[in-house]
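K.L.:
structure, please.
(2 chains)
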Amino acid sequence: MFYREAGDFKVSYEEDSQTFPIKFDRYRYYFVLLIAFLVIPFTINDYWANAILLPFLIYSIAAIGLNILVGYCGQVSLGTGGFMAVGAYACYKLMTAFPEVSMFIHVLLAGGITGVVCVIFGLPSLRIKGFYLAVATLAAQFFLVWLFNRVPWFYNYSASGQINAPERDVFGIVITGPNAPAWATYLFCLIFLAFCALVARNLTRGTIGRSWMAIRDMDIAAEIIGVNPLKAKLTAFAVSGFFIGVSGALFFSIYLGAVEVGEAFGITKSFLVLFMVIIGGLGSIFGSFAGAAFLVLLPVVLKVVGVDVLGWPTDIVAHFQLVIVGGLIIVFLIVEPHGLAQLWRVTKEKLRLWPFPH
Amino acid sequence: MKLKLTTLALGAMMAAGPVMADLVFPSLSYRTGPYAAGGIPFADGYADYFTLVNERDGGVGGVMTKLIECETGYNTEKGVECYESTKGEGALVYQPLSTGITYQLIPKAAADGIPLHTMGYGRTSAANGDVFGNVFNYPANYWDGASGIINYLLDENDGNLKGKKIALVFHNSAYGKEPIRTLEELSVKHGFELTTLPVDHPGQEQKSQWLQIRRERPDFVMMWGWGVMNQVAVQEAANIRFPMENFIGVWWSGAEHDVLSAGAAADGYKAVTFHNVGRDFPVFDDIQKYVVDAGKAAGAGDQIGNVLYNRGLYAAMLAVEAAKTAQEIHGTADITPQMMRDGMEALEMPEARMSALGMPYFGPSFNVSCENHGGPGLVGVTQWDAESKTWSLVADFQKTDADVIQPLIDADSASYAAENKIEAQCK
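P.N.:
Okay, the predicted model is just below:
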């Protein structure tokens, strides 16, 4: 009834090719933006920011980044944790070397540096595919973590090998360190997420995105019709690296404030982001959000229900978390192999017909 | 009769004064994951002591204590979630039992005005109370541990370690790297040769490190391990027939579960400690009576008397005594985190006080001051007897090398103060 194209006339090409062609969809999108930018910052507290919203926003950026590589371009990567570490350490080195420069620039530069590193590790993708590529990126994961542990220059020779985010501000508002207000850190991450999602959405709708998908669907056929695999694959690695680097920089500087590379950016992080992408839905921006929300929120919800509401022992709840999250992943993949995004697509199809399905 | 009186007094206080909130002590524990073997006994000991205080004494100064347990899994992200979710409940002091989480919480807790007690872990230079106003690491820190091991080896070798080779097997994290700086200084001072061998998280893979030890044949091996890493290291040492009495762990590598799996081969393995071991203390009778027999023991109740259980008990005891001190200073039973901080800073722990609590010689006697949040740094040595399956103290609590440690603490805390623009906090 509400959700349909009928009656929504487009009179220009711009209108016709906009991101959300259906009016209801468009308004929903504006509404979400409105809530995120104008309502949540005024109601947020430390717990919501640090325990739920910041990880959600940051993992969403990482998931979008990985989704471009895995979901759109079909290049399997297990190096996400290592690439996030590159972003974090680049951000740290920049923050400490140029304290007067705005954090916006540091985070973007950290993304850029990660993009370059990601392209270097993406070079083997021109020769190898599938599982073999996954192993090559796995090497990147272990190499990068080892590098940041081994070379003291990266952590400014601190005795513990940790990196700590010093206090930095944006336009006079402190956004890193313990004194940063919750709304500021939230908004800072939200701006980056909105920017990344917008860029990703439009890239995937345009020429570059189409060449990525052509490579993903059948690389030989794509090459025959004139898609340059070198360009397509390496741009995918670069863009994906940029997003993952931004998320790593935010993860370190805004969210945690102190990071130890082996613990924060280990192989488990790579798997976590990959699971987000798979559960959310390969090749979907919305899926990246859904996957990140699912894997960030579910443990917190289970903890609150188990410990605070039911009063169970914490270890039982922690074990149940593993069982339930694992079980749900299996259920989702059996019931809907294309992830949460596909559920959303099906819902939209149903909505189009509702209330007269025949 | 006594119980009746306290109940009456409690009732009167409750009737007279405003309703008092509980004293909240969060326990960021980890009963899951690769470090659970160490996390469980500590969390049990910590919880049981607060149960004992509630059941036996009716709380601290008449106010009941409330323990909020939150599972971190030794993971910094979950640690942050736990911190944020418990700090609103009026948490008095945090003891995260993880160096990684401690590094995270030091600035956060300072901003929120909540004290942090990192007993024998965390950031060593937090011993300088002038810079770290609300972080405490009494009674001993990592650098005391490192110096304690070297002092013990000096004693064993007639005061001379010249030309000896000492290897350090360490967890490749902030925790494991912490002693290296002190050991480097000490190796210069005493003329021994130091080799460092990092082991990556979680520590199950140590073949190459022990192969190197077998090849280089160091005279002594030290270990900075935690979780599954300890068991693996002790087993590997047994496999290459390294003499166990020359293998010394820090206090996080010296509990029952670390050596039991290696069986008889682990006999003679040593570890430093800053508190006593065993259950030969009157307080355990009280725990049996008020906690275990009442069915209120934390966890499975099978950890009582273990090394790390005792450490949890000790940590809780110090927290309760600090709360009592805070109540005395401020003349109110209902203390805030800020008052708790003052209490921790004024804490005095003479032998008589520990005896009165049923824990004679449980730890070294010490005083905390505004400048010194680290205590005296007295370190003892324990040794494992595989036959009787017990740890026993083989060297009493002794002074560590303050000449080496203090300049390092001053330098590290000064750089932290400069980085974060912290003014001296003690007048």
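
K.L.:
what number of residues lie near B:Q204?
P.N.:
Residues within reach of B:Q204, counting by other C-beta atoms under 10 Å in any protein chain shown, total 14. Any C-beta I mention is one placed from the backbone N, CA and C, and that applies to glycine too.

K.L.:
list the contacts of it.
P.N.:
Contact partners of B:Q204, counting by C-beta atoms under 8 Å, 6 or more residues apart in numbering or on different chains, are B:228-229, B:232.

K.L.:
could you check the pLDDT of it?
P.N.:
The model reports B:Q204 with a pLDDT of 89.

K.L.:
helix, strand or coil for it?
P.N.:
Following DSSP: H, G, I helix; E, B strand; the rest coil, the label given to B:Q204 is coil.

K.L.:
same deal with the one 5 residues further on?
P.N.:
Following three-state DSSP, we place B:Q209 in the helix state.

K.L.:
give me the nearest residue to it, chain neighbours excluded.
P.N.:
If the residues on either side of it in the chain are set aside, B:Q209 comes closest to B:L197, at 4.4 Å by C-beta to C-beta, 6 or more residues apart in numbering or on different chains.

K.L.:
before we move on, what about B:Y94?
P.N.:
Leaving aside its sequence neighbours, B:Y94 sits nearest to B:L116 (C-beta to C-beta, 6+ apart; 5.1 Å).

K.L.:
now do A:K93
P.N.:
In this structure, A:K93 finds its nearest non-sequential neighbour in A:F154, 7.1 Å apart by C-beta to C-beta, 6+ apart.

K.L.:
ok, B:F397 touching B:G377?
P.N.:
No: with contact defined as C-beta atoms under 8 Å, B:F397 does not reach B:G377; the gap is 9.6 Å.

K.L.:
B:L197 bridge partners, please.
P.N.:
Beta-bridge partners recorded for B:L197 (DSSP bridges): B:V169.

K.L.:
same check, this time on A:D169
P.N.:
A:V174.

K.L.:
tally of neighbours for it?
P.N.:
For A:D169, the count of nearby residues is 15 (other C-beta under 10 Å).

K.L.:
before we move on, the earlier item: of the contacts of B:Q204 - the most surrounded one?
P.N.:
The most crowded member of the contacts of B:Q204, judged by other C-beta under 10 Å, is B:M229 (29 neighbours).

K.L.:
which element is that one on?
P.N.:
B:M229 belongs to helix B:228-239 when assigned by DSSP states H and E.

K.L.:
and that helix, is it in reach of chain A?
P.N.:
No: counting by C-beta under 8 Å from any C-beta of the partner chain, chain A has no neighbours in helix B:228-239; the shortest distance is 12.7 Å.

K.L.:
any buried residues in that helix, and which?
P.N.:
B:228-238 (16 or more other C-beta atoms under 10 Å in any protein chain shown).

K.L.:
then stretch B:286-300?
P.N.:
Applying 16+ other C-beta under 10 Å to stretch B:286-300 flags B:286-287, B:290-292, B:296-299 as buried.

K.L.:
how much space separates A:V305 from chain B?
P.N.:
Distance, A:V305 to chain B, by C-beta to the nearest C-beta, to the nearest Å: 13 Å.

K.L.:
show me the contacts for that residue.
P.N.:
Neighbouring residues of A:V305 by C-beta under 8 Å, 6+ apart: there are none.

K.L.:
tell me where the chain is predicted with low confidence.
P.N.:
Assuming you mean chain A. Residues of chain A meeting the criterion pLDDT under 70: A:1, A:358.

K.L.:
my question was about chain B, not that one.
P.N.:
Those would be B:1-20, B:427, if you go by pLDDT under 70 across chain B.
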